[in-house]
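Novice: below are the sequence and a predicted model for it; my questions follow.
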Amino acid sequence: MKTFQLNKEQQNYYVFIIGQFVSQFGSRITSYGLALWSYKQTGSVLSMSLLSICYLVPEVLLSFLSGSLSDSWNKKKILLVSDMIAAFFSLSVILMLLTNTLRLEYLYIINFFLGVTDSFQNPASEVTISYIVPREDFVKSSGIRSFFSSFNSIFSPIVATTLYAFFGLKAIVAFDLATFVFAFTTLIVWVRIPKIVQRQDKVSLITQCIFGVKYLLINKKILSLVLFMAFVNLIAAIYNTNLAPMVLSRNGNNEVQLGIVSGAVGIAGLFGSVLVTRLPTTSKRVPLMINIMIFSFLFCNGLLGIGRNYYVWTLAVFGGNLMIPSLIANVEYIMRTRIPIELQGRVFAARNTLQYASLPIGNLLGGLLADRVFIPYANESKLRGIFGLLVGEGSGNGLGLLYLAIAVIGLFGCLLFRRDRNFHSLDQE
């Protein structure tokens, strides 16, 4: 009987995660296709980064409200309504493409509203995992999720590039709508999300919203972990914003090579996800997380900076992302085991606000630093001869110099967190 119950839990989790995987795959190829479209329209890194900023700002700012509501609202209804709103906007994009009325400013507006809906969907999805996965399987389930996420990372740029080259952006958005139908049907018919009865405190919504922040301020150990991940996200946002422009500017706009480099991120995550599920867990999680990021910052960003062809760039992103699933798995284990499940919606929302607020900042910085600082400086500075020895000359050398800079910043940031006693004390509990 016990084995049967475990199998039921596993089946429920796999159905849920597969539906989410298919939905995310459609969203990723659409996001990738829109990024290609916007960069080709403007040729500006900053203009492209604004697409991400318009999505991330409302998602981050509304996390307090959405997290508090997700603790009391029906999780499945939140997920279903969010999926329907996203499908509506995808349909609006394809209609504008058919009528030749799509403009970049329309995409900014659409991304803003998608950020609003995802601010509700993401905490609901996070808490759902805690509901349907046994505590002892948290690390393993994280590895499985990383596996699916890495699969998306591998094939979404390949599929997006292929569809974009042969059929255009309309085919990409149409594919996204098809994945929505599958995910929506799976969620509404087969997924069971337990209803946990919670004590209903008669407190205002504002009080509930700030509860998560107070919880983190009191629990300084968890706060240190959140701040560490915020720093990681800041560097990652600068890295992600400039990866496609750097590759395209240095390889003559070869989209196939860009697809190979982008796909290597997913291949690394795929192998890393398998490692998470196979390797034994460690009690020294904090040193492991810091060491992973030191290696990732130096190896990945360093090689992207000095690399001159897509062979080196592919090696860089593969090596730099190989152990990221292990980082995520250990972060999730700490968060899910240290925070009571009935508080996770509010606390995760506060965490998301603090942890992901650095993403739009990083996107904006990535665009500004590229267009206004590193690209002109690398070509006009008196030191351009020295820069040429490091990153080469010609188009894209400024972006190479930017990657070297964030490699050094990432190293020093990790060394500072290594000295944080609150952070290290997480391993003592």
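Specialist: Cool, got the structure.

Novice: the residue nearest to R351 when sequence neighbours are not counted: which element?
Specialist: Leaving aside its sequence neighbours, R351 sits nearest to V226 (Cβ to Cβ, 6 or more residues apart in numbering; 5.2 Å). For every residue, glycine as well, the C-beta is placed using N, CA and C. Using DSSP states H and E, V226 sits within helix 220-250.

Novice: give the buried residues for that helix.
Specialist: 221-250 (16 or more other Cβ atoms under 10 Å).

Novice: again with stretch 421-429
Specialist: Neighbour-count burial for stretch 421-429 flags 423-424, 426 (criterion: 16+ other Cβ under 10 Å).

Novice: got a list of contacts for it?
Specialist: Here stretch 421-429 makes contact (Cβ atoms under 8 Å, 6 or more residues apart in numbering) with 220-225, 228, 283-287, 334, 338, 417.

Novice: quick revisit: for the residue nearest to R351, what are its contacts?
Specialist: By Cβ under 8 Å, 6+ apart, the contact set of V226 is 216, 351, 354-355.

Novice: nearest to L270, of those residues?
Specialist: Q355 (24.4 Å; Cβ to Cβ).

Novice: elements contacting the host helix or strand of the closest one?
Specialist: Take DSSP H and E as the rule and Q355 turns out to sit in helix 344-356. The criterion is 3 or more Cβ pairs under 8 Å, 6 or more residues apart in numbering; DSSP states H and E, and the helices and strands that helix 344-356 contacts are helix 45-61, helix 63-72, helix 104-132, helix 205-218, helix 220-250, helix 324-338.

Novice: out of those helices, flag the one nearest L187.
Specialist: helix 104-132 (10.1 Å).

Novice: tell me what the closest one is packed against?
Specialist: By 3+ Cβ pairs under 8 Å, 6+ apart, helix 104-132 packs against helix 2-42, helix 45-61, helix 63-72, helix 75-98, helix 344-356.

Novice: what's the least confident stretch among those helices?
Specialist: Sorting the helices and strands packed on helix 104-132 by mean pLDDT places helix 63-72 lowest, at a mean of 68.

Novice: flag the least confident of the contacts of stretch 421-429.
Specialist: Least confident of the contacts of stretch 421-429 in the model: S283, at 75.

Novice: count the neighbours of it for me.
Specialist: 7 (other Cβ atoms under 10 Å).

Novice: what does T99 give?
Specialist: There are 8 residues near T99, going by other Cβ under 10 Å.

Novice: can you check G43 too?
Specialist: Applying other Cβ under 10 Å, we find 12 residues neighbouring G43.

Novice: neighbour-wise, which of the contacts of V226 leads?
Specialist: Counting neighbours by other Cβ under 10 Å, R351 leads these with 27 neighbours.

Novice: now, among the contacts of stretch 421-429, which is nearest to I17?
Specialist: Taking those together and measuring to I17 by Cβ to Cβ, the closest member is I334, at 20.9 Å.

Novice: for the closest one, give its distance to I218.
Specialist: Note on I334: its distance to I218, by Cβ to Cβ, to the nearest Å, is 16 Å.

Novice: try V373
Specialist: 40 Å.

Novice: and these two? which has more neighbours close in?
Specialist: Applying other Cβ under 10 Å to V373 and I218 shows that V373 carries more neighbours, namely 15 against 9.

Novice: against S49, how distant is that one?
Specialist: From V373 to S49 the distance is 14 Å (Cβ to Cβ).

Novice: just I328 next, same as before
Specialist: Counting by Cβ to Cβ - I328 and S49 are separated by 24 Å.

Novice: same question, Y310
Specialist: 22 Å.

Novice: those two - which one has more neighbours?
Specialist: S49 (28 against 19).

Novice: enumerate every residue touching the spatially most central residue of the chain.
Specialist: Per Cα atoms, centre = their mean, the C-alpha nearest to the average position across the chain is that of N233, at 8.5 Å. By Cβ under 8 Å, 6+ apart, N233 lies in contact with 355-356, 358-359, 362.

Novice: present the residues you listed as a markdown table; the columns should include distance to Y55.
Specialist: Converted to a markdown table, the contacts of N233 look like this (distance: Cβ to Cβ, whole Å):
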| residue | distance to Y55 |
| --- | --- |
| Q355 | 16 |
| Y356 | 11 |
| S358 | 15 |
| L359 | 9 |
| G362 | 13 |
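
Novice: who wins for neighbours among those residues?
Specialist: Counting by other Cβ under 10 Å, top hit in those: G362 with 27 neighbours.

Novice: skipping adjacent residues, who's closest to it in space?
Specialist: Per Cβ to Cβ, 6+ apart, closest to G362 is A237, 2.5 Å.

Novice: isn't that neighbour right next to Q355, touching?
Specialist: No - counting by Cβ atoms under 8 Å, A237 stays clear of Q355, with 11.9 Å between them.

Novice: give me every residue that touches the residue nearest to G362.
Specialist: 52, 358-363, 365-366.

Novice: local confidence estimate at V139?
Specialist: Model confidence at V139, given as pLDDT, is 63.

Novice: mind checking pLDDT for the residue nearest to G319 when sequence neighbours are not counted?
Specialist: Among residues not flanking G319 along the chain, F299 sits closest, at 4.9 Å (Cβ to Cβ, 6+ apart). On the pLDDT scale, F299 is placed at 96.

Novice: ok, F299 to L404 distance?
Specialist: F299 is 13 Å from L404, by Cβ to Cβ.

Novice: so what touches the host helix or strand of T186?
Specialist: T186 belongs to helix 169-189 when assigned by DSSP H and E. Contacts with helix 169-189, where a contact means Cβ under 8 Å, 6+ apart, come from 15-16, 18-20, 22-23, 25-27, 29-30, 33-34, 37, 76, 79-80, 83-84, 86-87, 90-91, 93-94, 97-98, 159-160, 163-164.
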